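A.B. asks: Make a model of this:
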Amino acid sequence: MRELAIQAGNGALTAQDRSVLQDEARLLIRSLHSIAKQTTFNGRALLNTGTEGTPAIPGTPGTPGTPDIPADPGTPDTYEWRPSSATSGGSIDVRYLTQYQFEVSGGADVRNLETTIQLSAEFVRTSKRGPDKQKNLSVTILDSDNRPVQGSTTLTQFPSTSSYSIIGLSPGRYTIEFNSTAAKWGNYHHLNVSVTQNFEEKVRVPGRPPTPGIPGTPGTPGTPDVPATPGTVESVRLQIGANPGDFMDIELSQVTAQSLGIHNLQITDSHALDLIDGAIAKVIGERSKYGAYENRLTSHYSFLDTQVINQTGAVSQIMDADMARESIAFVRSQMAQQASLVAVHSALDLYREYIKTLLTPPTQFPGVQQSLNRKEEALYSVTLKVEEVQ
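C.D. replies: Predicted structure coming up:
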């Protein structure tokens with residue numbers, strides 16, 4: 001299975017190749033699960049005992065609250081200059097009207113930028129008298145104090161159109177003055193006057209009104225983690241001796257695909273090798289545990305076998321003895337012991353008589369007599385002890 005996971009990590013494989021590898025891994029997982037379910041001894045499961053634990057369930061994080069929205073103090077009203085324009089004009093017959101007046105707006109809320117004056121003049125001959133050279137028309141722009149703002153300009157070709165652009169005129173009334181020499185001969189000029197003022201107007205822009213603050217909403221608490229519950233494992237108690245306390249508990253295993261953590265294994269995942277290595281480590285641990293149990297049972301079996309051999313030898317020596325031969329040997333031993341005691345007693349009697357004969361003192365030496373009496377008493381006590389032994 002680990003080899004399949006390594007092969008699945010090859011970037012040269014297609015999706016179909018990885019699908020085939022996944023099917024093979026799925027069959028191996030089923031085979032492993034089947035082995036764990038069907039391995040029994042005397043009807044008792046060995047690799048699928050107890051109950052499987054439940055994995056830990058992570059809690060759900062809480063939702064953060066919304067922050068307070070601070071109050072908005074608002075903004076004051078502002079003023080800005082916005083472009084604007086105004087146009088005025090009229091039709092003038094120079095025979096009857098020699099001036100045209102216009103006014104430039106002013107004040108704190110208006111500032112003039114440019115004033116454009118357009119004149120469209122046409123010469124009208126009403127008399128055949130007079131030469132053509134007298135059809136001139138001069139134009140002068142005067143301020144409110146009759147001072148020229150724009151110098152005199154003479155128009156000689158008709159129809160003719162002229163344009164005057166004056167920048168930065170101060171607020172006030174202005175006059176356009178016309179002077180035509182053609183009026184002396186009954187001829188006149190007809191003019192169309194157009195005055196366009198481009199200016200900026202100061203406009204108030206209302207500010208943003210203040211708004212009160214809005215308190216935030218509190219967050220919701222998350223749910224705590226659910227801890228994992230350990231599975232239970234059954235054990236088997238073996239009687240390994242003749243006494244009540246001579247037993248050994250063997251803990252069985254839980255090595256199904258689910259307990260190994262590979263029941264939903266996807267070999268194309270990046271952590272597939274980690275899961276397989278963890279399962280292999282658990283299987284190795286279970287094998288080591290059963291190996292330790294086996295070594296302990298083997299050692300205890302050798303100990304019991306030695307005890308049986310020793311007890312059997314002792315019983316054999318007791319049960320295989322020849323009672324007639326053993327009885328004769330016992331009687332012979334007693335007879336030899338009694339004969340040796342009789343010989344010792346006889347030797348002591350002879351020794352006593354011999355000493356008594358040799359050491360009988362003359363009567364004239366009473367001290368010597370007393371010494372002999374003490375030795376005789378000692379010899380008599382020895383004789384009594386020998387007789388007691390017999």
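
A.B. asks: Output the longest helix belonging to this structure.
C.D. replies: helix 272-319 (DSSP state H).

A.B. asks: Return the distance of that one from the chain's centre.
C.D. replies: Counting by CA atoms, centre = their mean, to the nearest Å, helix 272-319 is centred 44 Å from the centre of its parent chain.

A.B. asks: Ok, stretch 29-39 next?
C.D. replies: 34 Å.

A.B. asks: Could you look up the next helix or strand downstream of the longest helix of the chain?
C.D. replies: Per DSSP states H and E, the first helix or strand lying C-terminal to helix 272-319 is helix 323-358.

A.B. asks: and that next one, what's its mean pLDDT?
C.D. replies: The predicted model assigns helix 323-358 a mean pLDDT of 74.

A.B. asks: Quick check: buried residues in that helix?
C.D. replies: Across helix 323-358, burial judged by 16 or more other CB atoms under 10 Å covers residue 348. (Each C-beta comes from the backbone N, C-alpha and C, glycine too.)

A.B. asks: just checking, what packs against that helix?
C.D. replies: Applying 3 or more CB pairs under 8 Å, 6 or more residues apart in numbering; DSSP states H and E, one finds that helix 323-358 contacts helix 366-389.

A.B. asks: what's the average pLDDT for the helix it packs on?
C.D. replies: 53.

A.B. asks: could you give me the average pLDDT of the longest helix of the chain?
C.D. replies: Averaged over helix 272-319, pLDDT sits at 85.

A.B. asks: who does it touch, helix- and strand-wise?
C.D. replies: Helix 272-319 packs on helix 2-8, strand 247-251, helix 257-260, going by 3+ CB pairs under 8 Å, 6+ apart.

A.B. asks: looking at those, which is buried most?
C.D. replies: Ranked by mean neighbour count, those are led by helix 257-260 with a mean of 20 (mean count of other CB atoms under 10 Å).

A.B. asks: Give me the contacts around that one.
C.D. replies: 29, 30, 32, 33, 36, 52, 231, 263, 278, 279, 282, 283 (CB atoms under 8 Å, 6 or more residues apart in numbering).

A.B. asks: now those residues: which count as buried?
C.D. replies: Among the contacts of helix 257-260, the ones that count as buried by 16+ other CB under 10 Å are 29, 32, 33, 36, 279, 282.

A.B. asks: re the thing from before, with the contacts of helix 257-260 in mind, which one is nearest to residue 313?
C.D. replies: Nearest to residue 313 among the contacts of helix 257-260 is residue 283, at 45.2 Å by CB to CB.

A.B. asks: so how many other residues sit close to the nearest residue to that closest one once chain neighbours are set aside?
C.D. replies: Leaving aside its chain neighbours, residue 283 sits nearest to residue 255 (6.2 Å; criterion: CB to CB, 6 or more residues apart in numbering). Using other CB atoms under 10 Å, residue 255 has 23 neighbouring residues.

A.B. asks: which stretches of the stretch 1-150 of the chain have low pLDDT?
C.D. replies: 50-55, 94-97, 106-108, 123-136, 150 (pLDDT under 70).

A.B. asks: now with 80?
C.D. replies: Residues of the stretch 1-150 of the chain meeting the criterion pLDDT under 80: 11, 33, 41-59, 81, 84-100, 102, 104-114, 117-139, 143-144, 149-150.

A.B. asks: residue boundaries of the strands in it?
C.D. replies: Taking DSSP state E, counting those that start in this stretch as the criterion, the stretch 1-150 of the chain carries its strands at 40-41, 44-45, 78-93, 99-104, 110-124, 137-142, 148-155.

A.B. asks: Deepest-packed of the ones you listed, please.
C.D. replies: strand 137-142 (a mean of 20).

A.B. asks: okay, the angle between that one and strand 99-104?
C.D. replies: Interaxial angle, strand 137-142 versus strand 99-104 (axes from the mean of the first three to the mean of the last three CA atoms, to 10 degrees): 40 degrees.
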